[in-house]
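Asks: Take a look and give me a structure for this.
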Amino acid sequence: MKRKTNQSSRRDFVKKAAITGAAFTIVPRFVLGGNGYIPPSDTLYLAGIGAGGKGQGDMSECAKSPNVKVTFMCDVDERQAVQSRKNFPSAGFYKDFRQMLDKEYKNIDAVTVSTPDHTHAVAAMAAIEKGKHVYVQKPLTWSVYEARVLTEAARKYKVVTQMGNQGGSMDGVRKMQEMYDAGLIGDVNRVTAWTNRPVWPQGIAVPKEKEKIPAELDWDLWLGPAGETDYKSVYVPFGWRGWTAFGTGSLGDMACHMLDPAFRILPIDYPSDVEGSFTTNWIGTFQEEFREESFPSSSVVYFTFPGKNGKPDIKLTWMDGGLKPERPEELGADEPMGNWDGGIIFEGSKGKMIADCYGANPKLLPTNKMKDFSLPDTLPRVPEGHYLQWVNACLKGYGNATTSSPFDYAGPFTEAILLGVLAMKSYYLKDGDNFPGRRKLLWDAKNMKVTNVPMANSLVHREPRKGWEL
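Replies: Numbers count the residues shown, from 1 in each chain. Predicted coordinates for the structure are as follows:
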């Protein structure tokens, strides 16, 4: 689709209007200016796809900039949009983001995408192809294939991008990198991360009872690219995270936060292999029930990342559902290991480093090394935060400013995480009477292909419903 760019034409209109005098009747307050007025040329006209929950927060955070005007919002569930419509009463409202973008693209510069995971890619792509800057919640996409094509599209259409892993703009991960760059732990060969998620039901069966679709919810639009499925209240507004057709489970939800330090600092990108071990659901007496519709209640996933620039390969272990690694010998018995959300440990040739979620509160181990510890700040900080960094980059234009999590970074990062999700899903694949079970999947990143378990490749990409193609 041909890119449509309208920001410059709108600004040209304002200039011409001022010359002809029409500005005094069409846009008098903008052109005349005065205290508190932002000229149209310095305004970012924002639309939100997903107005409830995280969508409400995303629009509100962006709107903290005096240069942002929320012009439109979209949500398939009117109940979810109530507060956002109060927050931005002048914004137009749609249920279908495709209609909003087709009709209103001339009045939109940038878009936030805060939908369930399965709709991230198709919504973001629709905006990108119209030349709109995009802020997309984590994980960037629902499938490996979507992450790859979305990254390529952002590059092609030259739009400013940011994934919603806000820890990437925080000080903690930068302090971790400064400690690593100073050689304090040597070459890292092992990383372990964990989270307390899920904090929603997982490993459960789909309810059998027929339920009535709420009048305020357009269920067909909510399904988007996913297959046609009966409405269940366990899916909305939040439970979708635990269901394989819509979410990406605990790994997809939290790894973009927990593993960001590893991908950003070491750095790593595509794994060469991935393997998982997952909670088994049991019913009755010695009857195993495979519930492929729902993610397991806990899991352990092992990744191998090839070393770069002469560095050793890195073994990365992910744990969720309350599972934690063995406490490092260097950490005191009563010292905290991570925080409520989880934590991450780097093991290097010279020592170890531990941090909380987002890379916060990084410490060398044993922690007495931190006594009187001082290291100068060598990396630039992001005092404006993750959202306004993106807003400011949008105002400056593509190529004139950077963001912490552009799709060139977030895309490969998401692909790697979703390979762990793919390993979970492949556990339930059936070939005749056989399940692959726990298998190490060998990954060809260039061709996006599992080389040793061919049937697992059916999980790399899902054919979307008609009308929801990328």
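
Asks: Could I get the full set of helices for the stretch 51-200 of the chain?
Replies: Taking DSSP state H, counting those that start in this stretch as the criterion, the stretch 51-200 of the chain carries its helices at 54-62, 82-87, 97-104, 117-128, 144-157, 171-181.

Asks: Let me know which of those is tucked in deepest.
Replies: When you average the neighbours per residue for each of the helices of the stretch 51-200 of the chain (mean count of other Cβ atoms under 10 Å), helix 117-128 leads with a mean of 26. For every residue, glycine as well, the C-beta is placed using N, CA and C.

Asks: can you state the direction angle for it and helix 97-104?
Replies: Put simply, helix 117-128 runs at 10 degrees to helix 97-104, going by axes from the mean of the first three to the mean of the last three Cα atoms, to 10 degrees.

Asks: Can you dump the C-alpha atoms of helix 117-128 in CSV for me?
Replies: The C-alpha trace of helix 117-128 is given here as CSV (Å, rounded to 0.1, in the frame of the first residue of the first chain):
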residue,chain,number,x,y,z
ASP,A,117,-1.6,-9.6,21.8
HIS,A,118,-3.3,-11.3,18.8
THR,A,119,-4.3,-7.9,17.3
HIS,A,120,-1.0,-6.0,17.8
ALA,A,121,0.5,-6.8,14.4
VAL,A,122,-2.5,-6.1,12.2
ALA,A,123,-3.4,-2.9,13.9
ALA,A,124,0.2,-1.6,13.9
MET,A,125,0.7,-2.6,10.3
ALA,A,126,-2.5,-0.7,9.2
ALA,A,127,-1.1,2.4,10.9
ILE,A,128,2.5,2.0,9.6
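
Asks: what does that helix rub up against?
Replies: Contact with helix 117-128 is made by 49, 97-98, 101, 111, 113, 115, 134, 136-137, 139-143, 146-147, 149-150, 153-154, 157, 159, 224-226, 240-241, 245-248, 252, 464, 468-470, as judged by Cβ atoms under 8 Å, 6 or more residues apart in numbering.

Asks: what's the closest of the helices of the stretch 51-200 of the chain to Lys212?
Replies: For the helices of the stretch 51-200 of the chain, proximity to Lys212 was assessed by Cβ to Cβ; helix 82-87 is nearest, at 20.6 Å.

Asks: rewinding a little: now tabulate the helices of the stretch 51-200 of the chain in TSV and tack on mean pLDDT and distance to Leu388.
Replies: Putting the helices of the stretch 51-200 of the chain into TSV (pLDDT from 0 to 100; distance: least, Cβ to Cβ, whole Å) gives the following:
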stretch	mean pLDDT	distance to Leu388
helix 54-62	98	7
helix 82-87	98	17
helix 97-104	98	24
helix 117-128	98	20
helix 144-157	98	20
helix 171-181	98	16
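
Asks: Let's see which of the contacts of helix 117-128 end up in strands.
Replies: 49, 111, 113, 134, 136 (DSSP state E).

Asks: Okay, now the unreliable bits of the stretch 151-300 of the chain?
Replies: 281-290 (pLDDT under 70).

Asks: Make a ChimeraX selection of whichever of the contacts of helix 117-128 turn out to be buried.
Replies: A single ChimeraX command suffices to select whichever of the contacts of helix 117-128 are buried according to 16 or more other Cβ atoms under 10 Å:
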select :49,97,98,101,111,113,115,134,136,137,139,140,141,142,143,146,147,149,150,153,154,157,159,224,225,226,240,241,245,246,247,248,252,464,468,470
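
Asks: okay, the ones in strands among the contacts of helix 117-128 in CSV with distance to Leu418 next?
Replies: Listed next are the ones in strands among the contacts of helix 117-128 as CSV, based on distance: Cβ to Cβ, whole Å:
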residue, distance to Leu418
Ile49, 21
Val111, 22
Val113, 17
Val134, 19
Val136, 14
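
Asks: Count the neighbours of Pro309 for me.
Replies: One correction, residue 309 is Asn, not Pro. Residues lying near Asn309 (other Cβ atoms under 10 Å) number 5.

Asks: Next one: the nearest residue to Asn189 once chain neighbours are set aside from Leu140, what distance?
Replies: Nearest non-adjacent residue to Asn189, counting by Cβ to Cβ, 6 or more residues apart in numbering: Pro312, 4.6 Å away. Distance of Pro312 to Leu140, given as Cβ to Cβ, to the nearest Å: 28 Å.

Asks: again, but for Asp377
Replies: Applying Cβ to Cβ to Asp377 and Leu140 gives a distance of 29 Å.

Asks: try Ile314
Replies: The separation that Ile314 has from Leu140, given Cβ to Cβ, amounts to 22 Å.

Asks: In JSON lines, list the ones in strands among the contacts of helix 117-128 along with distance to Ala456 and pLDDT.
Replies: Shown next, in JSON lines, are those (distance: Cβ to Cβ, whole Å; pLDDT from 0 to 100):
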{"residue": "Ile49", "distance to Ala456": "31", "pLDDT": "98"}
{"residue": "Val111", "distance to Ala456": "33", "pLDDT": "98"}
{"residue": "Val113", "distance to Ala456": "28", "pLDDT": "98"}
{"residue": "Val134", "distance to Ala456": "30", "pLDDT": "98"}
{"residue": "Val136", "distance to Ala456": "26", "pLDDT": "98"}
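
Asks: Next, the closest residue in space to Leu140 that isn't next to it in sequence: phi, psi?
Replies: Residue nearest to Leu140 in three dimensions, not counting chain neighbours: Thr414, with 4.1 Å by Cβ to Cβ, 6+ apart. Backbone torsions of Thr414, given as degrees, to the nearest 10, read phi -60, psi -40.
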